[in-house]
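**Student:** Test case, fold it:
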Amino acid sequence: MPPDLPAVIPIDDPDDPRIEPYRDVRERDLVGRDGLFIAEGAVVVRGLVQSTRHRTLSLLLADKRVAAMAPLLAQVPTGTPVYSAAQAVLDRIAGFPLHRGILALGARGVQPAAGDLLAACGPVARVVMLFGIGNHDNMGGIFRNAAAFGADAVILDPGCCDPLYRKAIRVSVGAALLVPTARLAADEDALALLDRHGFEAVALSPGGAETLAALAPPRRAALLFGSEGPGLPAALLARARSVRIPMAGSFDSLNVATTSGIVLHHIASGQAA
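**Tutor:** Below you'll find the model as predicted:
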């Protein structure tokens, strides 16, 4: 290993206490990690290492991956432990076949208040606001779209799942580590908050009053999405500008992550025009 790279610490025993946070990854994800999270795969781990919002605590690599990861290891903060193990040992540590062979342990950064994120946005801005999104695949897909179309922030209501759950981070291709994120307080009035900061709320619903194609994108747009099935709360829809994407035949809606991509593209393209 070149001298400018961190020393790699070999792990031969799956019960080695130094890699305890990586043990039984799936089960640990389900019960929560008290401010910590697991990043998986080269792209996602690179996003964590380069993140200014979260801190890298350690890496655990399959020994066959170490040489190829040298450019990334050169960016790891000084003093960050880098562990390696044979594939069979790594699989026993994780509790399932870890084909990617690349894991990292991260510590969450301090999450700002939703109002602070909105206040920091410029005169032309787009934010995504989510209500009751409980599926980690959808959460990851929405974050990926938010990053791809330059959303300034993603704001979650208290009923949303954790965007730093391992699967959500993986589906987001690391975007969940990069896009500024906040969570509304339980009693916070989302629409009043948006109005205070000069954002127009655009609520997506199959029964929306106008079509997306006809929508002239607001200069400061807040795009509201609800969970599949229940959708956005009726009381919220009654107070916001509601928009629909017309469907063919008997279909009435799209997957929420797909919807977010279409809407973000429309808004970003219109704001740039």
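
**Student:** Would you map the helices across the chain?
**Tutor:** Ranges of helices within the chain are 25-31, 42-50, 70-73, 87-94, 114-119, 136-148, 166-171, 190-196, 234-239, 256-272, based on DSSP state H.

**Student:** Could you report the neighbour count for the closest residue to A113 other than its chain neighbours?
**Tutor:** Nearest residue to A113 in three dimensions, chain neighbours excluded: A182, at 6.1 Å (CB to CB, 6 or more residues apart in numbering). From N, CA and C alone the C-beta is placed, and that goes for glycine too. By other CB atoms under 10 Å, the residues close to A182 number 19.

**Student:** Please apply the same query to D24.
**Tutor:** 14.

**Student:** Please tell me I have it right and it contacts F96.
**Tutor:** No. Counting by CB atoms under 8 Å, D24 does not reach F96; the two are 9.1 Å apart.

**Student:** thinking again about what came up before, report the contact partners of the residue nearest to A113.
**Tutor:** Q111, P112, A113, A114, D116, L117, A153, I155, L156 (CB atoms under 8 Å, 6 or more residues apart in numbering).

**Student:** Out of the residues you listed, which two sit at the greatest distance?
**Tutor:** Using CB to CB, the contacts of A182 span at most 14.7 Å, a distance reached by D116 and L156.

**Student:** ok, those two, which is more surrounded?
**Tutor:** L156 (22 against 13).

**Student:** The more buried one is in contact with L184, isn't it?
**Tutor:** Yes. Using CB under 8 Å, L156 is in contact with L184, at 6.9 Å.

**Student:** quick one: the strands in the stretch 101-250 of the chain?
**Tutor:** Counting by DSSP state E, counting those that start in this stretch, the stretch 101-250 of the chain has strands at residues 102-107, 125-131, 153-156, 181-183, 200-204, 210-211, 220-226, 241-244.

**Student:** Touching the last one from outside, list them.
**Tutor:** Looking back up the chat, that one is strand 241-244. 200-212, 215, 263.

**Student:** coming back round to it: now tabulate the helices of the chain in TSV and tack on distance to L177 and mean pLDDT.
**Tutor:** Listed next are these as TSV, based on distance: least, CB to CB, whole Å; pLDDT from 0 to 100:
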stretch	distance to L177	mean pLDDT
helix 25-31	16	66
helix 42-50	5	93
helix 70-73	14	93
helix 87-94	20	92
helix 114-119	16	97
helix 136-148	9	97
helix 166-171	6	93
helix 190-196	24	97
helix 234-239	28	91
helix 256-272	18	96
